[in-house]
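Undergrad: Show me the folded form of this:
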Amino acid sequence: MKNINEEEGFREAAFRIMGQEVYENCLKKEWDPDPTRTFGDEIALLHSEVSEALEAWRDFHTFETHFTKEGKPVGVASEFADILIRLMHYAHVHRIDLVKEFDTKMAYNRTRPVRHGGKAL
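TA: From the prediction side, this is the model:
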């Protein structure tokens, strides 16, 4: 098994490759550049993908991917992929290193107490 330092290099490379693939597809499909899109628009679009995951749960009550007769993947898992794709797109646009930010946030989260915040959900 690889040690954590070797895995970090792999994760960074894999995430960078995935992010570049997402961004190149956005360019090819003419989603970028879009000077009219605001940061608020991007957050709303991320939120819409999360809402679509909830709707998929309501429709199917499973995490398995289903396919329409046209071959489009639908369902919770597919919507989770859409969330990741959109997040990677906007991280690329804004030059946010998600692997670095993930590592920073996880390091902090490890220091937090159990069920911090006192909320039921």
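Undergrad: Tell me, please, where in the chain the pLDDT is lower than the cut-off.
TA: Low-confidence segments of the chain (pLDDT under 70): 1-8, 121.
Undergrad: The same query, at a cut-off of 80, please.
TA: The model of the chain has pLDDT under 80 over residues 1-8, 116-121.
Undergrad: C-terminal to the longest helix along the chain, what's the next element?
TA: Assignment by DSSP state H gives helix 4-28 as the longest helix of the chain. Next in sequence after helix 4-28, counting helices and strands by DSSP states H and E, comes helix 39-60.
Undergrad: just checking, residue 99 touches residue 10?
TA: No. Contact between residue 99 and residue 10 fails when scored by C-beta atoms under 8 Å: they sit 10.4 Å apart. (C-beta placed from N, C-alpha, C; glycine too.)
Undergrad: Just the element for the residue most central in space within the chain, please.
TA: Against the mean C-alpha coordinate of the chain, by C-alpha atoms, centre = their mean, the closest residue is residue 84 at 1.9 Å. Following DSSP H and E, the helix or strand that holds residue 84 is helix 76-93.
Undergrad: Flag every buried residue along the helix or strand just after that helix.
TA: Using DSSP H and E, the helix or strand that directly follows helix 76-93 along the chain is helix 98-109. The neighbour-count check on helix 98-109 (16 or more other C-beta atoms under 10 Å) flags 98-99 as buried.
Undergrad: go on, stretch 108-121?
TA: For stretch 108-121, the neighbour count (16+ other C-beta under 10 Å) marks no residue as buried.
Undergrad: quick one, what contacts the residue nearest to residue 80 when sequence neighbours are not counted?
TA: Leaving aside its sequence neighbours, residue 80 sits nearest to residue 53 (C-beta to C-beta, 6 or more residues apart in numbering; 6.0 Å). By C-beta atoms under 8 Å, 6 or more residues apart in numbering, the contact set of residue 53 is 76, 79-80, 83.
Undergrad: gap between residue 53 and residue 94?
TA: Remark: distance between residue 53 and residue 94 (C-beta to C-beta, to the nearest Å) = 23 Å.
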